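Need a 3D model of the sequence below.
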Amino acid sequence: MSRAAVYGTGSWGTAFAAVLADAGTPVTMWGRRAEVVEQVNAGVNEDYLPELRLPGTVRATTDPAAAAEGADVVVLAVPSQTLRANLEAWGGVLPAGAAVVSLMKGVELGTTKRMSEVIAEVGGVEDERVVVVSGPNLAREIAAKQPAASTIASRSEEMAERVAAACAAPYFRPYTGSDVVGTEIAGAVKNVIALAVGMAEGLGMGDNSKASIITRGLAEMTRLGTALGGEAVTFAGLAGVGDLIATCMSPLSRNHSFGVRLGQGMAVEEVVAVTKQTAEGVKSCTSILELAQHHAVDVPIIEQVDAMIRHGATARDVAAALLSRPRKAETA
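Residues are numbered from 1 along each chain as shown. So this is what the prediction gives:
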C-alpha cells in the first residue's frame, strides 16, 4: 500500500488528500499554519473546504519531515509562485525514490520555468520521478465526491501508474500519460483564458462570446505547448480542453470569478481585497506571455489579459483590441 504526503492545505490540496484517502492511501498533510493543521486533525478544513469531512486516514502536521516519513507519493499543492521558496525551506526532506506530484498550475515569474522544472532544480528530484496531475478538477466538486477524471503525466510509466493507483477513488478516474510539458502548459494557460472569459461575462457578453474566447484560447494553448515540445493530442484531452471548459465556465473557478469582477470594472487590487485570494492566472499571465514571446508564439488573448493586469487596460480595451486584429485563417 502506498502512503502519501501532501504539502499544502489549501482547497485543492485538501480535496486531493481526501481523494487519496478514499482510494485507500493514508495521507499526512503538511501545513504552514498551526490552526489549519489542528482543523485537519479534527477532520475538517474550515478555512478552505468547510463542507468536506475528511477521512480518518488524513492527518496533518507543521513538521515537513514528519509529513514525508514513509511516503512513496509526495504531492505538492502550494501556490505556484511560492514553490521555489518552499522547496528551499524543506525540499531536502522529500524521500528518495518517491513519486513527486505537482498539483500546481503556473509558470514561475522571473525564470518562466514550469513547476516540474522548479521541482527538479530546487528539490533535486530526477525528471523521471516528477508526476503532473491536471484535469477538470474543481476542488469543491471533488470534495462533494462528484465524478471526475484527470490526467496523470510522467516520463516514467511506473511513477504515473503508482500515482494513478494511489488516487483511483470511486468518484475519481485517473488516466495516465507521458506528456509532462503539454499537461503543465495546458494547466497554466487555461487560468489566463478563464480570466478573459470572466471579463467577457462581467461586460455582459453571452455564450457566443465566451465560446469564441475558449476556442481561440485553446488555439493559443496548443501553439505554445507544441512549440515547447508538448503533444497536440494532450490539448484535446482532460488536461487541455477538459480543464479549459471547467475553469472558464464554472462560478466555482477562482480565475473565472476574478475575471468577472475585472469585467465589471474592479481593479486587480480591489478584487484581491474582496476575495482575499489571488487567482493563479493573475500571478502567471506575465511569465506565460514572456515564455511565449521567447519562443515567438502568438498569444493575443494572453497578451491582452497581461495588458489589463499589469498596464491598466480596461476590459473594454481588451475586447476592442482582440476584435480589431487582422483577419486570418482559423487554423493559424
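
Please make it C-alpha for all contacts and neighbour counts, starting now.
OK.

Counting neighbours, which bits of the helix or strand harbouring Thr28 end up buried?
Taking DSSP states H and E as the definition, Thr28 sits inside strand 27-30. Buried positions in strand 27-30, judged by neighbour count with 16 or more other CA atoms under 10 Å: Val27, Thr28, Met29, Trp30.

Quick one: the residues you listed as JSON lines, columns for distance to Val75 and pLDDT too.
Formatted as JSON lines, the buried residues of strand 27-30 follow (distance: CA to CA, whole Å; pLDDT from 0 to 100):
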{"residue": "Val27", "distance to Val75": "10", "pLDDT": "98"}
{"residue": "Thr28", "distance to Val75": "10", "pLDDT": "98"}
{"residue": "Met29", "distance to Val75": "9", "pLDDT": "98"}
{"residue": "Trp30", "distance to Val75": "10", "pLDDT": "98"}
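
Ser116 contacts Val130, correct?
Yes: using CA atoms under 8 Å, Ser116 is in contact with Val130, at 6.5 Å.

any shared contact partners between those two?
Common contacts of Ser116 and Val130, defined by CA atoms under 8 Å, 6 or more residues apart in numbering, comprise Ser102.

Give me the domain ranges for this protein.
Domain segmentation of the chain under automatic domain parsing yields 4-178, 181-323.

Rebuild those as a markdown table, extending it with distance to Thr331.
Shown next, in a markdown table, are these (distance: least, CA to CA, whole Å):
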| stretch | distance to Thr331 |
| --- | --- |
| domain 4-178 | 25 |
| domain 181-323 | 8 |
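
which residues in the stretch 201-332 of the chain form helices?
For the stretch 201-332 of the chain, helices defined by DSSP state H, counting those that start in this stretch occupy the ranges 207-227, 243-249, 254-263, 268-275, 280-294, 300-311, 315-323.

Check which helices and strands the longest one sits against.
Just to be clear, that refers to helix 207-227. Packing partners of helix 207-227 (3 or more CA pairs under 8 Å, 6 or more residues apart in numbering; DSSP states H and E): helix 180-202, helix 243-249, helix 300-311.

Give me the angle between that helix and helix 300-311.
100 degrees (axes from the mean of the first three to the mean of the last three CA atoms, to 10 degrees).

Residues touching helix 207-227, excluding its own?
181-182, 185-186, 189-190, 193-194, 196-197, 200-201, 231-232, 235, 240-241, 244-245, 248, 292, 295, 297-301.

from the residues you listed, which would you call buried?
Buried among the contacts of helix 207-227 (16+ other CA under 10 Å): 181-182, 185-186, 189-190, 193-194, 196-197, 200-201, 231-232, 235, 240-241, 244-245, 248, 292, 297-301.

on that earlier part again, closest to Val122 out of the helices of the stretch 201-332 of the chain?
Shortest distance between Val122 and the helices of the stretch 201-332 of the chain, using CA to CA, is found for helix 280-294: 18.7 Å.
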